[in-house]
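Trainee: Provided below for reference: sequence and predicted model.
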Amino acid sequence: ILNILEYPDPRLRTIAKPVDEVTDETRKLIEDMFETMYDAPGIGLAATQVNVHQQIIVMDLSEDKSEPRVFINPKVEVLDGDYQPMQEGCLSVPGFYEDVDRIEHVRINAINEKGEAFELEATGLLAVCIQHEMDHLNGKLFVDYLSALKRNRIRKKLEKLHKKSA
Ligand SMILES: O=C(O)C[C@@H](Cc1ccccc1)[C@H](O)SCc1ccccc1
Ligand SMILES: [Zn+2]
């Protein structure tokens with residue numbers, strides 16, 4: 001189980017680098033990321049959240065861990081400009097849920113854990129999760145879409161929690 005960085009940890013703002021070659025080490029990291037995500041529990045996890053600054057996302061939207069997905073060096077294209085609001089949470093901002101507007105229909109191009117390129121069209125929760133995880137790889141968090149007032153309230157509450165546990 002890997003440690004998940006929590007807001008406002010500045011390391012969450014790091015921009016992830018592309019993966020040059022998918023090695024056994026990459027596959028071991030992906031395995032550890034799935035274990036960490038399922039344990040949290042969550043339906044998505046970006047390498048940035050476990051302080052590894054490579055463009056790697058793991059996801060599983062199923063109820064029974066039956067649909068693990070891996071996205072390496074992902075690129076997202078907007079397929080139509082409509083936005084949809086959805087309540088989002090984040091394993092790096094535990095306990096807070098707020099509505100965020102995301103693009104409704106996207107296409108993602110990525111590489112899988114075998115190093116093979118693939119393409120996927122997504123709408124609904126999958127599209128939202130892909131955009132949420134892509135933001136992590138670009139050092140962005142869902143709290144960045146909220147008002148400064150809300151974001152500061154969340155930051156203060158989490159900082160207080162971190163002081164207690166520190
Ligand atoms: O990246 C993360 O922190 C995991 C996120 C992924 C996510 C956020 C918003 C909407 C969809 C996915 C979540 O914390 S995983 C927890 C969760 C589970 C079911 C539905 C929404 C969020
Ligand atoms: Zn998140």
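Mentor: Done, it's in. Numbering: from 1, shown residues only. Ligands and ions are numbered 1, 2, ... in the order given.
Trainee: please enumerate the helices of this protein.
Mentor: For the chain, the helices defined by DSSP state H cover 24-39, 124-137, 148-165.
Trainee: ok, and the closest non-adjacent residue to Leu141?
Mentor: Tyr7 (6.0 Å; CB to CB, 6 or more residues apart in numbering). (C-beta placed from N, C-alpha, C; glycine too.)
Trainee: can you list phi and psi of the one you found for me?
Mentor: phi -50, psi 140 (degrees, to the nearest 10).
Trainee: tally of neighbours for it?
Mentor: As a burial measure, Tyr7 scores 22 neighbours (other CB atoms under 10 Å).
Trainee: show me how far stretch 84-93 is from its chain's centre.
Mentor: Centroid displacement of stretch 84-93 relative to its chain, using CA atoms, centre = their mean, to the nearest Å, is 10 Å.
Trainee: same question for stretch 33-49.
Mentor: Relative to its chain's centre, stretch 33-49 lies at 8 Å (CA atoms, centre = their mean).
Trainee: mind listing what's buried along stretch 8-24?
Mentor: For stretch 8-24, burial by neighbour count (16 or more other CB atoms under 10 Å) applies to 8, 12, 14, 16, 19, 22.
Trainee: could you dump these to CSV with distance to Leu141?
Mentor: Listed next are the buried residues of stretch 8-24 as CSV, based on distance: CB to CB, whole Å:
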residue, distance to Leu141
Pro8, 9
Leu12, 6
Thr14, 12
Ala16, 14
Val19, 22
Val22, 27
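Trainee: ok so, going back, adding mean pLDDT, write the helices of the chain out as TSV.
Mentor: Output for those, formatted as TSV (pLDDT from 0 to 100):
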stretch	mean pLDDT
helix 24-39	98
helix 124-137	98
helix 148-165	93
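Trainee: write out the residues of this structure neighbouring ligand 1.
Mentor: Within the chain, the positions near ligand 1 by CB under 6 Å from any ligand atom are 42-46, 88-92, 125, 128-129, 132-133, 136.
Trainee: Val19 contacts His53, doesn't it?
Mentor: No: counting by CB atoms under 8 Å, His53 is not a contact partner of Val19; they are 10.8 Å apart.
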